[in-house]
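Participant: Coordinates only, no sequence provided:
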């Protein structure tokens with residue numbers, strides 16, 4: 001009888017599982033759910049299509065596993081920063097730096113949570129919603145802290161700025177994917193310069209009023 005932890009061709013099941021996830025995450029995150037073919041993933045992994053279905057049940061099941069892994073990684077890192085002792089703009093910069101660091105060699109993971117071709121119902125939609133809500137809640141928390149430092153308790157201000165912040169982060173990630181030569185360190189330095197310039201100009205305007 002085969003052992004429950006047995007894989008294929010001498011590869012332990014857990015190792016084979018992770019290999020499939022890594023290859024599938026890259027395919028889904030690069031080409032999108034709709035354009036990704038299970039046969040291509042199987043070919044890249046050097047295994048059969050039935051084995052993938054045996055492990056994950058369906059294309060949707062495989063995507064759910066990829067999204068869940070990416071969401072836990074991203075939200076978990078954001079929560080780690082949130083538990084630290086930084087607030088306001090510094091928390092935002094520290095969060096971006098953490099994101100750049102963990103996504104250095106796997107930038108495609110961010111796109112898994114923002115794939116417009118993914119199913120909008122069922123388990124896929126549920127797991128995407130779960131992780132995006134975690135991330136959005138952390139963004140709202142950070143923005144609310146920043147506004148509180150300036151004496152602004154308005155809930156709609158926090159909601160509006162949260163939407164702006166999330167849009168900025170998503171745009172930055174898209175830009176980073178389009179510029180593969182930009183390292184995580186380059187991105188952190190670049191954002192530091194841009195934010196520094198913005199804050200300096202805001203301070204100048206404030207002094208002039």
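Facilitator: Arrived safely, thanks for sending. Being a predicted model, the structure only gives us computed values, none of them experimental. Numbering: from 1, shown residues only.

Participant: So for the top helix by length along the chain, what gets flagged as buried?
Facilitator: Counting residues, the longest helix in the chain under DSSP state H turns out to be helix 122-149. Using 16 or more other C-beta atoms under 10 Å as the test for burial, helix 122-149 gives 124, 127-128, 131-132, 134-136, 138-147. No exception for glycine: its C-beta is placed from N, CA and C like everyone else's.

Participant: Identify the residues contacting residue 53.
Facilitator: Contacts here follow C-beta atoms under 8 Å, 6 or more residues apart in numbering; on that basis residue 53 touches residue 38.

Participant: Please, which helix or strand holds it?
Facilitator: With elements taken from DSSP states H and E, the one containing residue 53 is helix 49-56.

Participant: could you point out which element follows that helix?
Facilitator: Proceeding N to C from helix 49-56, the next assigned helix or strand is helix 59-82, under DSSP H and E.

Participant: low-scoring stretches of the protein, by residue?
Facilitator: Low-confidence regions of the chain, defined here as pLDDT under 70, cover residues 1-9, 206-209.

Participant: pretty sure residue 40 is in contact with residue 27, am I right?
Facilitator: Yes: the pair residue 40 / residue 27 is scored as a contact, 6.7 Å apart, by C-beta atoms under 8 Å.

Participant: These two: who's more crowded?
Facilitator: It is residue 27, of residue 40 and residue 27, that has more neighbours when counted by other C-beta atoms under 10 Å, with 21 against 15.

Participant: Mind giving me the packing neighbours of the helix or strand containing that one?
Facilitator: Counting by DSSP H and E, the element that carries residue 27 is helix 13-31. Taking 3 or more C-beta pairs under 8 Å, 6 or more residues apart in numbering; DSSP states H and E as the contact definition, the neighbouring helices and strands of helix 13-31 are helix 38-45, helix 49-56, helix 59-82, helix 108-112.
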